[in-house]
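J.: Return a 3D structure for these sequence lines:
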Amino acid sequence: MKKILFIIVCLFTISFAKAQDRVISPGVPFLLVAADARAAGMGDMGVATSSDAFSQQWNPAKYAFSTDAQGFSVSYTPYLTDLVNDISLAQVTYFHKLNERSAFAGSLRYFGLGKIELRQTGDPNETFPIVSPNEFAIDGSYSLKLSEKFSMAIAGRFINSNLKVASDNNDATSASSFAVDVAGFFQSEELAFNEFNGRWRAGFNIQNLGPKISYDRTDLSTNFLPANLKIGTGFDFILDDYNKVALNVEFNKLLVPTPQNPDLNNDGTTTPDEYNQTIENYRSIGWTSGIFKSFGDAPDGFSEEVKEVTYAIGAEYLYQDSFAMRMGYFHESPLKGARQFFSLGAGFKYNVVKVDVSYLFSASKVKNPLENTLRFSLTFNFGDKYDEY
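T.: The predicted structure follows:
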């Protein structure tokens, strides 16, 4: 019995290029897609930017520095709009500051692949079943200031992936796993310079640390979670009481082993047995040992390890904290996925409501699934205000 395989659509979220031998492709890659328009407008970054309602995805330690007591946000991102009109990523987030030093937050992220018609060979009059594959993640975090300038946070996450298609000899049980994040954030006091004031920010987040995910519960069919390390820094140029410019840079590395060269005999050819043995060896790696292997297992050595690090550069201009303009650039090596794009964004705030939008321009020869797509975010901040020293 032959079916249309729709699961391959999910792979677009992490690898936009044609297949490469050593592109790292973990499971549930929707966790790595920027859900909010503010971060998307600055080249998909947020680990060291100022705190906002969407900090849960980028660095939950930022919530401890929030000047708002509470916040609720909603975001929506259409996906692969040039091919279909019913694939999208949505997210809702809520945070609450318990006091000046601590905060908690929670979020729900949902990636829907729309309605899929499963076609089978056989009777042409057969009624084709319709399925709605999806993935989602529910998480919560707690952040605490360890000093006036530094905070840390821990987050827990439940992940569910319902992509498997039932057939005559198997079921459609969804796959699930859990993960944790450990994050830190530094924010300096406002510093006085000759022509302006300024503030430094820096942050890190070790994300999605958890057991591999599997659909049939066998060790050799598991996929690594997209564990990754984010490190970033930024500086705010506070020009006067009305104008501020923030510049940021961020680096990211997947903490997932690199696929190895299937030519086990180094004779210039790869037999089916060698290929299968390579896949089996890769999938047998445990998730904890895989984290440590990811720093030094690239077949071409250090030069290839460097290519596995992506970077983003972003800028944000704020006027009276009520209007924002943003731009950014994201770069990934052509050998490791070829995601390269520029982005533009804007934000508008009125009273407790904030609206953000962003737009992406691909800088790669490979088409980006988010090209020609507007991303939207809506934020409501309410409650008492906290001072930003």
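
J.: which SS state does residue 63 fall under?
T.: When classified by DSSP: H, G, I helix; E, B strand; the rest coil, residue 63 comes out as helix.

J.: what does residue 311 give?
T.: Following three-state DSSP, the label given to residue 311 is strand.

J.: Likewise for residue 178?
T.: At residue 178 the chain is in strand, as set by three-state DSSP.

J.: per-residue pLDDT, residue 103?
T.: On pLDDT, residue 103 comes in at 96.

J.: On the three-state scheme, it is what?
T.: strand.

J.: ok, now residue 173?
T.: Applying three-state DSSP: residue 173 is coil.

J.: So it is in contact with residue 215, correct?
T.: Yes: judged on CB atoms under 8 Å, residue 173 makes contact with residue 215 at a distance of 7.1 Å. Yep, even glycine has a C-beta here, placed from its N, CA and C like the rest.

J.: For the two, indicate the residue with more neighbours.
T.: Legend: neighbour count by other CB atoms under 10 Å for residue 173 and residue 215, higher for residue 215 (20 against 12).

J.: For residue 167, give me the pLDDT.
T.: 56.

J.: Counting by contacts, list what the longest helix along the chain packs against.
T.: For the chain, the longest helix by residue count, based on DSSP state H, is helix 272-283. Applying 3 or more CB pairs under 8 Å, 6 or more residues apart in numbering; DSSP states H and E, one finds that helix 272-283 contacts no other helix or strand.

J.: moving C-terminal of the lowest-mean-pLDDT helix or strand in the chain, what's the next helix or strand?
T.: Using mean pLDDT, DSSP states H and E, the weakest-scoring helix or strand in the chain turns out to be strand 116-117, at a mean of 70. Counting by DSSP states H and E, the next helix or strand C-terminal to strand 116-117 is strand 130-131.

J.: From the chain's centroid, how far away is that following strand?
T.: Put simply, strand 130-131 sits 27 Å off its chain's centre (CA atoms, centre = their mean, to the nearest Å).

J.: so what strands line up beside that strand?
T.: Strand pairing for strand 130-131, determined by DSSP bridges: strand 116-117 (antiparallel).

J.: Show me how far the strand or helix carrying residue 359 is from its chain's centre.
T.: Assigned by DSSP H and E, residue 359 belongs to strand 353-362. When C-alpha coordinates are averaged (CA atoms, centre = their mean), strand 353-362 and its chain have centres 16 Å apart.

J.: Also stretch 356-375?
T.: Distance of stretch 356-375 from its chain centroid, counting by CA atoms, centre = their mean, is 15 Å.

J.: Also stretch 308-317?
T.: Centroid separation between stretch 308-317 and its chain, computed with CA atoms, centre = their mean, is 14 Å.

J.: got it, and stretch 68-87?
T.: With CA atoms, centre = their mean, you get 13 Å for stretch 68-87.

J.: how far does it stretch from start to finish?
T.: End-to-end distance of stretch 68-87 (CA to CA, to the nearest Å): 33 Å.

J.: Can you point out the buried residues in it?
T.: Buried residues in stretch 68-87, counted by 16 or more other CB atoms under 10 Å: 68-73, 75-81, 87.

J.: Nearest to residue 346 among these?
T.: Comparing the buried residues of stretch 68-87 against residue 346 with CB to CB places residue 75 closest, at 14.9 Å.

J.: And the pLDDT for that closest one?
T.: For residue 75, the predicted pLDDT is 94.

J.: Once you drop chain neighbours, what's closest to it?
T.: Closest residue to residue 75 apart from its sequence neighbours, by CB to CB, 6 or more residues apart in numbering: residue 377 at 4.2 Å.

J.: That neighbour bridge partners, please.
T.: With DSSP bridges as the rule, residue 377 is bridged to residue 75, residue 356.

J.: who touches it in this structure?
T.: By CB atoms under 8 Å, 6 or more residues apart in numbering, the contact set of residue 377 is 36-38, 54, 73-76, 355-357.

J.: Could you dump those residues into a markdown table with distance to residue 142 added?
T.: Formatted as a markdown table, these follow (distance: CB to CB, whole Å):
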| residue | distance to residue 142 |
| --- | --- |
| 36 | 21 |
| 37 | 26 |
| 38 | 23 |
| 54 | 17 |
| 73 | 18 |
| 74 | 22 |
| 75 | 22 |
| 76 | 27 |
| 355 | 29 |
| 356 | 26 |
| 357 | 31 |
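
J.: What average pLDDT does stretch 332-339 get?
T.: The average pLDDT within stretch 332-339 is 89.

J.: so how far does it reach from one end to the other?
T.: For stretch 332-339, the first-to-last residue distance is 5 Å (CA to CA).

J.: Show me which parts of that stretch are buried, residue by residue.
T.: 332-333, 336-339.

J.: now the strands for the stretch 1-150 of the chain?
T.: 68-78, 88-97, 102-112, 116-117, 130-131, 134-145, 150-162 (DSSP state E, counting those that start in this stretch).

J.: and of those, who's closest to residue 271?
T.: Closest to residue 271 of those, according to CB to CB: strand 150-162, at 32.5 Å.

J.: Pairing partners for that closest one, with directions?
T.: By DSSP bridges, strand 150-162 pairs with strand 134-145 (antiparallel), strand 175-187 (antiparallel).
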